[in-house]
Structures are given as structure tokens and as C-alpha cells.
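with the sequence up front, the predicted model follows.
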Number of protein chains: 2
Amino acid sequence: MSVLQPQRTIEELKELRALTGNEDGAQRVAFTPTWDKARDWLRGKLAELPVEIEVDEAGNLWATLRGESEKELLIGGHIDSVPNGGWLDGCLNVMAGVEILRRIAAEGKPPVTVRLVDWADEEGARFGRSLFGSSAASGTMNPDELRHLVDKDGVKLTDAIAKYGLSLDTVKQATHQLKKAAAYLELHIEQGPVLLDMGLPLGVVLGTFGVERHAIRFVGQSAHSGSTPMNRRRDALGAAAKLALEIREIGKRNGGVCTVGRVETKPGIVTAVVGQCDMTLDQRHLDAEALARMYREAQEASYRFAEEEKVEVSWSKIWDIHPILFHPNLVEMCDEAIRETCGTSHRLPSGPLHDAAEVARAGVPTIMMFVQSLHGISHNKIEDTLEEHLVLSVEAFDRLASKAMAWVASQ
Amino acid sequence: MSVLQPQRTIEELKELRALTGNEDGAQRVAFTPTWDKARDWLRGKLAELPVEIEVDEAGNLWATLRGESEKELLIGGHIDSVPNGGWLDGCLNVMAGVEILRRIAAEGKPPVTVRLVDWADEEGARFGRSLFGSSAASGTMNPDELRHLVDKDGVKLTDAIAKYGLSLDTVKQATHQLKKAAAYLELHIEQGPVLLDMGLPLGVVLGTFGVERHAIRFVGQSAHSGSTPMNRRRDALGAAAKLALEIREIGKRNGGVCTVGRVETKPGIVTAVVGQCDMTLDQRHLDAEALARMYREAQEASYRFAEEEKVEVSWSKIWDIHPILFHPNLVEMCDEAIRETCGTSHRLPSGPLHDAAEVARAGVPTIMMFVQSLHGISHNKIEDTLEEHLVLSVEAFDRLASKAMAWVASQ
């Protein structure tokens, strides 16, 4: 019997689901008692291994298996979930990491130090600030921007984390955790339909999309729907509808994704031409130049449609982030590990952000592996992956860990 | 000096504005003390004339000038306004009617009976039910549909009208008012931009638009904006945007007006493809066949777009009404009266409904005359019309009254 037992990972994920979920799904929201219970359970699993366990100033839980070298290979995930979440998002990574630690530890002292990290509050489900622990460790967090955050019950983030011994004043001391890191590996469910469509179990993630996120407002003239002839209208919805359709073409033409997720009409009544139309735009691409081009094309289109419709248009930025590319050597290793495991690999970008993006921003060579999602759906109790694919993912991820460990040792 | 003094109408409208308006506009909401005050003021004006005054079972105020014949020529308007309304909507008609009654009375007993009616609650501003008094008189009202109506303060319509001695049980006894009516004339501000655009003071109204009013729902699949490739989306907004643009073409192509006044997106967040999009459709045309064609074309387009976008579509009717055409002989007389007054006339439909539509539905030969609106705007304190155009409107309306009286007398 092999030392690596991927089936055990599946059993443990089911055990975790039974312990911390209910009929609506997973309930391991960070900084809550259920999350705490999940972590206690995880500590129990780790206690059987020759690892040192610590929680850092940002609430990240680390299990360190000392090796011949101080250079570190990191394996990461997050045990927190959204409310009513799925049984795999985040915790698959953690439990696959535990299984790989077991395999490595069983082989004796490894050539490099291997560390498993369970990042704190990846989801940001309660306070709206995702990647809490990893952004503290990477150093990109500005703690002052988090001081005003409250949850839906009015509880302040500062009070919620204080219950776990954390303070925004010291949270960034967690940056020391990445000082010796030589590589970071993260396995995750795809949360999209690409691998499902291709009939492939596993894929190499090239990086996380850069994002341009904007609010767009068209202002025309509200007017009576009965007494205003078609050629006399300044219809804000007309311009917005044209833009909603055009941004899809911009996405397709440039190989990215562009989404209008929200449209609001004012006065918004059946008997009035729309005087003001607000819409959101979300554009994502792995290539910074292509992202900039998509943004420029959307702006130009909005100005053109505003002129055609005799309305005004204004833009305001909601958020943006540059694309984050994963490490080329690790991309090759991940590709090899997948091909050795199941024959065929595929390279794809990640739409959602992940803790891996924060680690990459800190300059640590980083890679992610995706396993197929059924339904292409996540953040929902119907989130699922075939068990045979979960087994393959643990096997391929273990192969990747061996390759990465050899690579780190050789540096 | 002519007996007809249109300038006096303007002075009286300003007097009424000072008495029943404030810095936000007219406040003569039906069944309120300010409306009552306006009516007392109107009674004062009428008291100087040889007319009989009565208020009927629907709250309509009638001033009757007996003629040689019992056949009646009616002139109508409404002194009620929306809250923060303009200084002309409804009361121009009433005060022009008073001036014409003065002119006719000064000439001795007229060949037919002439009656001025101030309809009760044309606007429906307080209880959401417009054309209260005229629909009671025409017989189209179903009083039981009004029993549950309350205003924003929770006051029941039944209690509000009881203060004025009215009851839904007897409201339709007002139908006797139209029994001897041989023609009905109504002057109104256009409330749209057509005459303004053409540089014409006056126009003949051909009838009121028929209306098809519907709610349309597209249902696709909400999906993550980052992880869902463009070609995998079932974007409900895509179908709605296509339809919003297409219905404008349907309106133009068929010579009607089509409006999408409200669009709602669900889940309506920046990071999700729209899973459900609700929109309203309002289509209006003077020709019943063209209206039916516009409705059919919109439905067909929605099915086509739903198929293209792989989404579902469903329709539900909000309201509809057939077009109401005014009387061809009166259209000709009105056209003549306008040309004799200011040289050029124009025939146009009415987008908004008016009390005249109810009278026409009761089978009484009916006509409306429009006077140009500045800004094309109404139901607002900035509603306005050039005083020289108001003078022309009273003169032309008086000419129309003479022609119509002769026509009624000759029958």
C-alpha cells in the first residue's frame, strides 16, 4: 500500500463537512466558533505528524516539517468558507497538503523545510475583505483600510479578530513567514467550467487575472413614455444596452472576460424613458496589455454610444489589480506532474483571486493546480468534484511537491 | 373690445396659482382642502354667469347654460393637479371654458345647452386611480376595484370621498350626465415636445394612444465573472439589452412609441454574470392594428434573443387599453378653428390619457385641442406655455366651440 492515500483526503473532507456544515452547506466563516472548531480538528490531524504548529500575527496557522535546509517549500490553502459554502473550496488544498506532509514525513527528514499554511479569512465573507491572512503575510495589506469594517450585525473586524488574539497594529508582522520561502504550491477546485468542458481532470494555472472594475453612469433625460416621440428621446438605457452588448465583444475579441453584473434605471418606472442608467463593468485578463486595451476599448465605446444617444457618460473606478503570473519553472513542473498522473494537461488562467496571488506578489515562486469542478459552480452547497478526480488531484499535487522540493533543494 | 378676453384667462390662472400653489408648484390634489379651495374660487367665477351649478355623484362640478335645445355641448377640464404640479395642466381647460361660457352667455340664449364640467380627480395622484370622475360618468369604472385603495398615509379612498359626500355605491349614477351630450371639447397643454419642435402653437388631437404594458423576465444562469468564459455564459442581461434596443426600432418602424422604463438585474453584483433580468415594456399607438403588430414583434424578438442567449423568457401583462379615436367631423372643425386663428395646424395623437378619452368611450363625439408646451414637460412646476400661445389657444378653442355648437344645433 502506497504511503500517500488520496482516498483518506476524501474521507477527511467528509469528516470536516459533517463537523462544520449543515443542510445549507459549509459554515466555516473565518473568526467564528465553527471556523475555530475546524481548526481544532485540523490541529488534531497535524498532531500525529512531526511538525511544529504556530499561529502567526495574522491568524495564519503554520505546520512546519524541518528539513536539511532552511529553504522552505510552502503548501497552502484555507479552511474558512463562505456561509452556505461547498465542501471543497479551500479545504481540499489544506487536506491534500496534510496528506503530502504525511508522505514526506514518512520518508524521513526532507532535504528542505516543508510548511503547510492554513491562511486566515481567504473568503472575506463576513467583513468584505478577502485574502486577509495572505495579504498580511505578503505585505500588501494596508491595515488602516480595515479598521472601519463591520459585519452585517455591526460587529467590528477589529473586535472579531481580537477574540483570536489578533490586532491590526501587529498583523503585518506576519510578513516574516515568507522570508525563507523558495516556492509556494496551491491546489484548488477550478470554480469554473473550462476543465469540465474539455473533459480533463486537472489543469495548470498560469496566473490570476488582472481586473479593471468600474461604475459607469449614463445621464439622458427622463420623459413621458406616451408623449415623447422616439426621435426626441435622450434614452440613457439605450446607451447602456449598447455598451452591455459591446463589452461582450470586447471580451471575446481580446481573449479575456468582461461582465456587466448590475444595471439600475432611474426613475425606473414603466411610463418614463430612462433618465439615468448606472452599470458596473468587470474586465479580466491575464495579460496586462490586453487588459489595458479592453479597458480603453470599453471607454471609447461608451463615449461613442453616449454621443449617438445624446447622453452624458461618466466613469468611476471601483477597484483594479494587475495580472499576477505564476513562475515559469513551476508551470512546467505542474504540467509534467499532471501529465504523469492522467496523461493530458491544460494551461488556464484563474478568474478568481486566491491566496497564491498574494504569495506571488511577495516575490515567492508560486504555482496553482486546478481540479475540475462539476456544474462549474462554487460558493454553493452544490459545489462538487468527482471523487476519482479528487484522487488524481492529490496524486498530481504530490508529484508536483516532489518536483518542487528537488528544485528548491538544487538552488 | 371683444367680449372674449383670453388675457383674462391668463390672469385668472395666475390668481389660481397664487391661491392654491406654493414655491414647489400647484397643490390642488383632488379631495383635499386645497382642491376644495380652488373649487370655491371657481364657483365664485361661475356665480357671475347665468348658469346652474351642481356637483354630481362622482364629484364632478357642472355649470349649465340652458339653450334653445336640450342637446348639450360639453366643455371639460379638471382643476385638480398632481402634488408640485404645473400652472396649466387641467385648469387651463376649465378657465378657457369659463371664458367661452362668458362669451356665449353675453350673446343671449344659445341654440343648444352649453355645459362646463370640472372633472373630479383626473390625476389620480393620491390614490393611483386617474380619471375618477370621468370614468364614473362614462360608465367604465368598476367601483369595487377602488374599494381597497389607500393613500400613502393609509387613508382609504372611500373615506376621503365620503368627506365630499360621495360613495362608491352611488358614484356611477353620474352616468346620467352624458345622456344628452352631443359633443365634448377639451383644450389641454401638449405635455410633449411635438408642437414645440415644429414651432406651432396649436394642434388637433386625433385620439389617445392604445397601450400595451408588460413585464418581461429573462432567466439565464448567474456565474462568476472571473471563472466563466464568454462562450459558456447564459447572460440574461444580454437578451434584455438586445430587446431594449430592438423595441426602439419596433417603435420607429411602426410609427408608435415603445419604452423600456425599468431594468433590474439579479443577483446584481459586479462579480457575477446576470442570472435574471426583469424589464418593463410600454408600447403605444393610435392604430389598433399597428399596436398589435408592435406587441407581436416585441414578443417575437424576445423569443429570438432568448434562444440566441440560451436563456428563458416569460411575459406578463401589466395593463392594456385600446386606442380611442376622436370624432372625424370634430377633427375637421378643430383643424379649421386653428387655421383661422394662427394659419397652420397639425394633427397629432395624445400619449397621455385624458378625461376626453372616457367621454369618447361613452359614445359622445369628442375632440381635444393641444397648445404647445415649453420644455415638453408637465407634472412639474417648470411646466409652462408662452402667454401668446395661451391667448391663441383660448381664441381657437372659442372658434371650435362656435363651430361645434352650430354642428350640434344642425343635427
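The structure has been received and is ready for your questions. Numbers count the residues shown, from 1 in each chain, chains lettered A, B, ... in the order given.

is there any residue in stretch A:315-334 that contacts chain B?
Yes: if you take Cβ under 8 Å from any Cβ of the partner chain as the test, stretch A:315-334 does meet chain B, through A:I318. For glycine as for every other residue, the C-beta is placed from the backbone atoms N, C-alpha and C.

average model confidence for that stretch?
Stretch A:315-334 shows a mean pLDDT of 95 in the predicted model.

what comes up buried for it?
The neighbour-count criterion (16 or more other Cβ atoms under 10 Å in any protein chain shown) identifies A:I321, A:P323, A:I324, A:L325, A:F326, A:H327, A:L330, A:V331, A:M333, A:C334 as the buried residues of stretch A:315-334.

ok, and the closest non-adjacent residue to the residue in the stretch 251-400 of chain A that chain B sits nearest to?
Proximity to chain B, evaluated over the stretch 251-400 of chain A using Cβ to the nearest Cβ, is greatest for A:G351 at 2.5 Å. Nearest residue to A:G351, sequence neighbours excluded (Cβ to Cβ, 6 or more residues apart in numbering or on different chains): B:G226, at 2.5 Å.

before we move on, what about A:S302?
If you skip the residues right next to it in sequence, A:S302 has A:V313 as its closest partner in space, 4.9 Å away by Cβ to Cβ, 6+ apart.

likewise for A:K45?
Distances taken as Cβ to Cβ, 6+ apart put A:V98 closest to A:K45, at 5.6 Å, once the chain neighbours are dropped.

the helix or strand encompassing the one you found packs against which elements?
Applying DSSP states H and E as the criterion places A:V98 in helix A:91-106. If you count contacts as 3 or more Cβ pairs under 8 Å, 6 or more residues apart in numbering or on different chains; DSSP states H and E, helix A:91-106 packs onto helix A:6-20, helix A:33-46, strand A:61-65, strand A:69-77, strand A:112-118, strand A:181-189, helix A:387-410.

and that helix, average pLDDT?
Rounded to a whole number, the mean pLDDT of helix A:91-106 is 98.

coming back round to it: could you dump the helices and strands packed on helix A:91-106 to JSON lines with mean neighbour count and distance to B:Q411?
Rendered in JSON lines, the data for these read as follows (neighbours: other Cβ atoms under 10 Å in any protein chain shown; distance: least, Cβ to Cβ, whole Å):
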{"stretch": "helix A:6-20", "mean neighbour count": "17", "distance to B:Q411": "86"}
{"stretch": "helix A:33-46", "mean neighbour count": "17", "distance to B:Q411": "86"}
{"stretch": "strand A:61-65", "mean neighbour count": "21", "distance to B:Q411": "96"}
{"stretch": "strand A:69-77", "mean neighbour count": "23", "distance to B:Q411": "91"}
{"stretch": "strand A:112-118", "mean neighbour count": "26", "distance to B:Q411": "93"}
{"stretch": "strand A:181-189", "mean neighbour count": "27", "distance to B:Q411": "83"}
{"stretch": "helix A:387-410", "mean neighbour count": "21", "distance to B:Q411": "88"}
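
thought A:L74 was touching A:K179?
No: shown here, A:L74 and A:K179 do not form a contact pair, counting by Cβ atoms under 8 Å, at 11.6 Å.

identify the residues contacting the lowest-mean-pLDDT helix or strand in chain A?
Least confident helix or strand, chain A: strand A:223-224 with a mean of 86, by mean pLDDT, DSSP states H and E. Strand A:223-224 is touched from outside by A:232-234, A:271-273, A:275, B:191-192, B:351-352, B:376, B:378, with contacts defined as Cβ atoms under 8 Å, 6 or more residues apart in numbering or on different chains.

widest-spaced pair of those residues?
Greatest spatial distance among those (Cβ to Cβ): A:R234 and B:P352, at 19.5 Å.

so which strand or helix has the closest residue to A:E309 other than its chain neighbours?
In space, and not counting its chain neighbours, A:E309 is closest to A:A239: 4.2 Å by Cβ to Cβ, 6+ apart. Secondary-structure element containing A:A239, defined by DSSP H and E: helix A:236-254.

and for A:A215?
Under DSSP H and E, the secondary-structure element containing A:A215 is strand A:210-219.
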